[in-house]
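J.: sequence and computational prediction follow.
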Amino acid sequence: MSPARLFRILIAAAAAAALIYYVRGAPGRRGEPVSAPAERGGQIVGSMRSEPRSFNRLLARDQTSDTIHTLLHGRLLRINRSTFETEPWLAERWESTADGLTHTFHLRPNLQWSDGAPFSSADVLFSLEAALDPKVGSVIAGNLQVGGQPIRATATDANTVVFTFAAPTGPGVRLFDLLPILPKHKLGAALSAGTLAQAWGPATAPAEIVGMGPFVLREYLPGQRLVVDRNPHYWRKDAGGQQLPYLDRIVLEVVPDQNAELLRLTAGDIDFTHTELRPDDYVPARRAEEAGKIKLEELGVATDADAFWFLLKPEVRAKDPRFRFLQKREFRQALSHAVDREEFARTVFLGEAVPIWGPVTPGNKIWFSPNVLRYPHDVGRARELLKSIGLEDRNNNGIVEDASGTEAKFTVLTQRGLSYYETGTTLLREQAKEAGIELEIATLDARALFERLEASNYDAIYMRPLMSDLDPAGNLDFWLSSGDAHLWNMVQKTPATDWEARIDALMKEQASTIELARRKTLFNDAQRVLAENVPILYFAAPRMYYGHSARLHGVVPSVLRPQVLWNADMLSVTGSGGAATR
């Protein structure tokens, strides 16, 4: 899940008059040059694990599509993925009223789209309209609602946009980091015709895709590579006044296999990888660093972790006899007890991980709670819980079944080519088997896996969903039953269970509360209800390391994906040697 949707710091409300949030990009902050000017020109080559599902960020939540969006498109403001502070981007400043309901954004004057067309407030209004249009079916629409109502916007002139919230919200204007700014002159007709949901698919000609980002799409060869060139109309300059981006070109090659990816990095064929290194990669990566081939960066504990969940959608599973016990929380609690999380951290991540029991990891320092309900490894307790709901191994074949003979046997989907998914599902299968639950593993490519997820066509899934936002109020698509990232039962018209209705109420109040201590109390209550019912299981959060070529400069790695390309306009290379120059 894309991924995509990343915040950490809470915006506090003013107590009296209107506040102005005005953040200037100052020399010397992380991500800005502090010494000699970077060299201009050259290209870098990186990997992408899978192909983009769409060039329209409104329609795709996968990580590759989100990465491409970061390169091609702009936002009104940006959350710096290193400092997690708000930064003015297409808007040079904004003011918010004391009640948190009105936010006035002042756009940078005289900006141009990558095709040279003028950028104005009309594009901002269009982008919000497109994101909220039900016919588009945007994956971010749920995150652009406050107090149960869509954000409203008006333009007072070509450079000023006023947003109105129906209620205060904890994240405040940070929500606008989620909103991609799209060109009305290119997509307006499609929105009017109701066809925007089909626009900018993977087969779209590169020249048709126009953005405000640092790069423009030059070439896309499915299954091979994607190439972006410097956007000649990009607005941003470095602290010394030099036009950004520094690079002429970025090449992203499709490398689905992580072993091949590491070999290409250490051989100098690519400059950076799609995501962080695997634990298996640390030793060879250290050797390559000692040889001067790459640089390693320690990122800290991951803020996203591998997760496992069953499909719990009643309208899909009603005729499945396994749903009689699958929907009982005792069944899911039993599976949680069956998993030895310490062993999980040792085996899957070679000890470079910490056990966890919920979606918020210790890497998210503001919102992590050490008091989330835990399920200690106890196979005996797991079998007791299964027996309490009528599941026993009556025929001594190692699998528990109910009185009618329906076995607790499921197929688990995961993504092909990711070693930690393969190791994780193997260990999960072994430990679940000890409690009498049979899990068969099926691997799919990323596109097929997402299609099965979105179609609710599966028994269970094991993968690493990327949270929309580290502030839970910006991640309501996961927490609310109506959300399209509420993984086990997405887009519910009304809550399917009492406990989901309780989480809905807690999270809606939490999102509309400004005071931090109260927000934490409400969120801890929501985490408690989730942990009691365990619709989604978490096992361990890895410590993250990232590797890139020694010739690549300006790298400000983040614990959030994309670890390097979030700051792509500041990347540069020394000399013309290094990675391949297609």
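T.: Sure thing, it's come through. Residues are numbered from 1 along each chain as shown.

J.: quick check: longest strand of the protein.
T.: When the chain is scanned for its longest strand (criterion: DSSP state E), the result is strand 540-549.

J.: and the closest residue to residue 145 other than its chain neighbours, what pLDDT?
T.: Excluding its sequence neighbours, the residue lying closest to residue 145 (Cβ to Cβ, 6 or more residues apart in numbering) is residue 151, at 7.0 Å. Using the backbone N, CA and C atoms, a C-beta is placed for each residue, glycine as well. pLDDT, residue 151: 97.

J.: also the one 4 residues further on?
T.: The predicted local confidence for residue 155 comes out at a pLDDT of 98.

J.: in the sheet, who's paired with it?
T.: Per DSSP bridges, the residues bridged to residue 155 are residue 161.

J.: how far away is it from residue 55?
T.: 26 Å (Cβ to Cβ, to the nearest Å).

J.: what's the answer for residue 445, then?
T.: Taken as Cβ to Cβ, the span from residue 445 to residue 55 is 19 Å.

J.: swap in residue 272?
T.: 21 Å.

J.: circling back: neighbour count for residue 155 and residue 55, which is higher?
T.: residue 55 (25 against 17; other Cβ atoms under 10 Å).

J.: how far away is that one from residue 216?
T.: Residue 55 is 11 Å from residue 216, by Cβ to Cβ.

J.: shared neighbours, these two?
T.: 72, 209 (Cβ atoms under 8 Å, 6 or more residues apart in numbering).

J.: counting neighbours, what do you get for residue 270?
T.: The tally of other residues near residue 270 (other Cβ under 10 Å) stands at 26.

J.: can you name the residues that contact it?
T.: So residue 270 contacts 45, 46, 47, 253, 255, 261, 264, 549, 579, 580 (Cβ under 8 Å, 6+ apart).

J.: for it, give its distance to residue 122.
T.: For residue 270, the distance to residue 122 - Cβ to Cβ - is 40 Å.

J.: just residue 519 next, same as before
T.: On the measure of Cβ to Cβ, residue 519 and residue 122 end up 35 Å apart.

J.: swap in residue 463?
T.: Distance from residue 463 to residue 122, by Cβ to Cβ: 39 Å.

J.: does residue 438 touch residue 412 like I think?
T.: No - Residue 438 lies out of contact with residue 412 (Cβ atoms under 8 Å); the separation is 10.3 Å.

J.: tell me which residues touch the spatially closest residue to residue 454 that is not a sequence neighbour, please.
T.: Nearest in space to residue 454, with sequence neighbours left out and distances taken as Cβ to Cβ, 6+ apart, is residue 490 at 7.9 Å. Shown in contact with residue 490 (Cβ under 8 Å, 6+ apart): 313, 454, 456, 483, 484.

J.: what are the ranges of the strands in the stretch 201-350 of the chain?
T.: Assigned by DSSP state E, counting those that start in this stretch, the stretch 201-350 of the chain shows strands spanning 215-221, 225-230, 249-254, 294-301, 307-310.

J.: nearest to residue 473, out of those?
T.: strand 307-310 (20.6 Å; Cβ to Cβ).

J.: and that closest one, what does it pack against?
T.: Where contact means 3 or more Cβ pairs under 8 Å, 6 or more residues apart in numbering; DSSP states H and E, strand 307-310 is packed against strand 460-463, strand 536-538.

J.: what's the local residue count around residue 205?
T.: By the criterion of other Cβ under 10 Å, residue 205 has 8 neighbours.

J.: ok, back up a step: between residue 438 and residue 412, point out the one with more neighbours.
T.: residue 412 (22 against 16).

J.: pretty sure that one sits against residue 308.
T.: Yes - if you go by Cβ under 8 Å, residue 412 and residue 308 touch, sitting 7.4 Å apart.

J.: now do the shared contacts for those two.
T.: Joint contacts of residue 412 and residue 308 (Cβ under 8 Å, 6+ apart) are 428, 460, 461, 462.

J.: more neighbours, residue 519 and residue 122?
T.: Comparing residue 519 with residue 122 by other Cβ under 10 Å, the one with more neighbours is residue 519, at 22 against 15.

J.: pLDDT at that one, what is it?
T.: The model's pLDDT for residue 519 equals 95.

J.: quick one on the thing from earlier: sec struct for the residue nearest to residue 454, please.
T.: Classification of residue 490 using DSSP: H, G, I helix; E, B strand; the rest coil returns coil.

J.: next, it: phi, psi?
T.: Note on residue 490: its backbone torsions stand at phi -80, psi 150 [degrees, to the nearest 10].

J.: and it, how far from residue 465?
T.: Counting by Cβ to Cβ, the gap from residue 490 to residue 465 is 12 Å.

J.: how about residue 290?
T.: Distance from residue 290 to residue 465, by Cβ to Cβ: 35 Å.

J.: now do residue 568
T.: 24 Å.

J.: also residue 59?
T.: From residue 59 to residue 465 the distance is 18 Å (Cβ to Cβ).
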